[in-house]
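S.K.: Based on what follows, work out the 3D shape:
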Amino acid sequence: MSKEILLNAFEMTSAMHNSHGLWKHPENKRHRNYKDLDYWIHYAKLLEKGKFDAVFFADVLGVYDVYKKSKHPSIRDGLQVPLNDPALLISAMASVTEHLSFAVTVSTTYEQPFGNARRFSTLDHLTKGRIAWNVVTSYLPNAARNFGLEDMIKHDERYNIADEYLEVSYKLWENSWEDDAVIQDIESNTLVNPEKVHEIHHKGRYFKVEGPHLSEPSLQRTPVIYQAGTSERGRDFAAKHAECIFVGGPTPKRIRFYADDIRTRAEKHGRDPEKIKIFSFLNVVVGRTTEEAEEKFKAYASVWSSDAAKAQYGASGYDIAEYEGLDADLPFAYKKSTEGGHYKAATLTTDAPRPLTIGEVLKRFEEPDRGSFIVGNPEEVADGIQKQFEESGVDGFNLNHLVTPGDLEAFVELVVPVLQERGLYKKEYSKGTLREKLFPKGESLLPQDHPAAKFRRVLAETK
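M.R.: Residues are numbered from 1 along each chain as shown. Now for the predicted structure:
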């Protein structure tokens, strides 16, 4: 097979991520060690040993408080809280690796583009071009209140803000500094030629930024753009801006629908759809034997927290507690629309394989969904990954893990060699920046058909 799987470790700098209640499992180390830099250094070395393309750091700016209209369920079970800033780990993790890349989540709704642009330029310099930005618009009501708002900004309006935010960012990264601005000329007493450093004078609906950008151009200038969104507005935003797009769905067929739709939209934006990589989520529990893997999964299910799972579903804007106690046989339907995460809401409606009853929906939160996991020995897990890879048409996966670092260690030791033997997974890293690794025929800079490139062309005309 000529196409190889791209693989990210789906992670969060928190006591727990999506492994609800698994902090109680005796082999789980993350809730005790996530504050320890040595833990993350070991983690980075492990991922590079397994030839992972990147570690993808999710992030939130508030506590989940929709379920039961309370923060207590999510705080009690450590649902993405306590949580540290992922950007501060990257330098240390990059210093002990050569190829592993890092995708950092930052919201366009609450942080200003000027400071964010410097953050990513700095990280791109320090990692030698191994950095990506996962662009999000934020979906938690508590996050809005943490940044001084009474209510969440409406869903589509958040994407309007994000569009302008990206425009400001492109101007700072692509337009502000010319390639040869830093001349280090002792004779003329000039470190930087001021004629080649430009203000951007952006004046828009949401942002006013004079510039210039404070950082000189990094290897990629603009970091690799990651994005996830399955709503109409979200898919269009991703098709316009993103290079790596995460899509979810209950079946490979549904994932392929989203992937094909995004690539079609990208063409309408004048982009080459081949310059977009599609990722979906991957849940694996592997053992040396089928029986060992099944026992692992059974042990994981025994400490599962349904309250934490329901609290996380609050990202949709819907309180699943409102359905508890109702007739289980009634068809499940939302009572109103929300400004929460549309992709999360879709999992129980438009993305469900068939209409669900209230009883079926509530049962989904009671234990890990066995149908969404690939559980088995190394060959069985590789079979499941290959099947999902081929049927969905994705380019790679975000790998979840319930017990850390044990599940990742087992994956690297047991599954990676099988995938490599089948020609599904790289045996060695290619050279270059993250963008060059993802798109081997491309360059470290964004391609000319990307919307950021028009600002680069404007700069070329002013030379």
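
S.K.: C-alpha from now on. contacts and neighbour counts both.
M.R.: Will do.

S.K.: I'd assumed residue 10 was in contact with residue 56.
M.R.: Yes - contact criterion Cα atoms under 8 Å: residue 56 and residue 10 qualify, at 5.1 Å.

S.K.: Settle it for me: which of these two has more neighbours?
M.R.: residue 56 (24 against 20; other Cα atoms under 10 Å).

S.K.: Secondary structure element holding the more buried one?
M.R.: Residue 56 is part of strand 54-57, with elements assigned from DSSP states H and E.

S.K.: follow-up on the earlier one: touching both of residue 56 and residue 10, which residues are there?
M.R.: Listed as contacting both residue 56 and residue 10 by Cα atoms under 8 Å, 6 or more residues apart in numbering are residue 398.

S.K.: Quick one: mean pLDDT over the longest strand anywhere in the chain.
M.R.: The single longest strand within the chain, with elements called by DSSP state E, is strand 277-286. Averaging pLDDT along strand 277-286 gives 96.

S.K.: can you state the direction angle for the following helix or strand past that strand and strand 277-286?
M.R.: Next along the chain after strand 277-286, taking DSSP H and E as the criterion, comes helix 290-302. Orientation of helix 290-302 against strand 277-286 (axes from the mean of the first three to the mean of the last three Cα atoms, to 10 degrees) gives an angle of 100 degrees.

S.K.: got a list of contacts for helix 290-302?
M.R.: Contacts of helix 290-302 (Cα under 8 Å, 6+ apart): 22, 25, 285, 286, 287, 367, 368, 375, 376, 377, 402.

S.K.: Can you give the strand pairings for the longest strand of the chain, parallel or anti for each?
M.R.: Here strand 277-286 is paired, per DSSP bridges, with strand 244-246 (parallel), strand 374-376 (parallel), strand 396-400 (parallel).

S.K.: where in this structure is pLDDT low?
M.R.: 1, 457-463 (pLDDT under 70).

S.K.: pretty sure residue 179 is touching residue 217, no?
M.R.: Yes - here residue 179 reaches residue 217: they are 7.0 Å apart, a contact under Cα under 8 Å.

S.K.: okay, these two: which has more neighbours?
M.R.: Using other Cα under 10 Å as the criterion, residue 179 and residue 217 rank with residue 217 on top: 24 against 14.

S.K.: What's the separation between that one and residue 89?
M.R.: Distance of residue 217 to residue 89, given as Cα to Cα, to the nearest Å: 22 Å.

S.K.: Count the neighbours of residue 317 for me.
M.R.: Neighbours around residue 317, by other Cα under 10 Å: 24.

S.K.: List the residues that contact it.
M.R.: Contacts of residue 317 by Cα under 8 Å, 6+ apart are 66, 139, 140, 338, 339, 340, 341, 345.

S.K.: please redo it, this time with the cut-off set to 7 Å
M.R.: 66, 338, 339, 340, 341 (Cα atoms under 7 Å, 6 or more residues apart in numbering).

S.K.: Mark which of those are buried, thanks.
M.R.: Using 16 or more other Cα atoms under 10 Å as the burial test, the contacts of residue 317 include 66, 339, 340, 341 as buried.

S.K.: ok, back up a step: list the pairing partners of the strand holding residue 56 within its sheet, with orientation.
M.R.: Strand 54-57 sits in its sheet next to strand 6-11 (parallel), strand 101-107 (parallel), going by DSSP bridges.

S.K.: which residues in the stretch 151-300 of the chain form helices?
M.R.: Under the criterion DSSP state H, counting those that start in this stretch, the stretch 151-300 of the chain contains helices at 155-170, 232-241, 252-268, 290-302.

S.K.: so which of those is the most packed in?
M.R.: Of all those, helix 232-241 has the most neighbours on average by mean count of other Cα atoms under 10 Å, namely a mean of 21.

S.K.: In terms of secondary structure, what does that one contact?
M.R.: Judged by 3 or more Cα pairs under 7 Å, 6 or more residues apart in numbering; DSSP states H and E, helix 232-241 is in contact with helix 252-268.

S.K.: could you give the angle of the helix it packs on to strand 277-286?
M.R.: Computed with the same axes, to 10 degrees, the direction of helix 252-268 lies at 160 degrees from that of strand 277-286.

S.K.: okay, the angle between helix 252-268 and helix 232-241?
M.R.: Angle of helix 252-268 versus helix 232-241, following the same axes, to 10 degrees, is 60 degrees.
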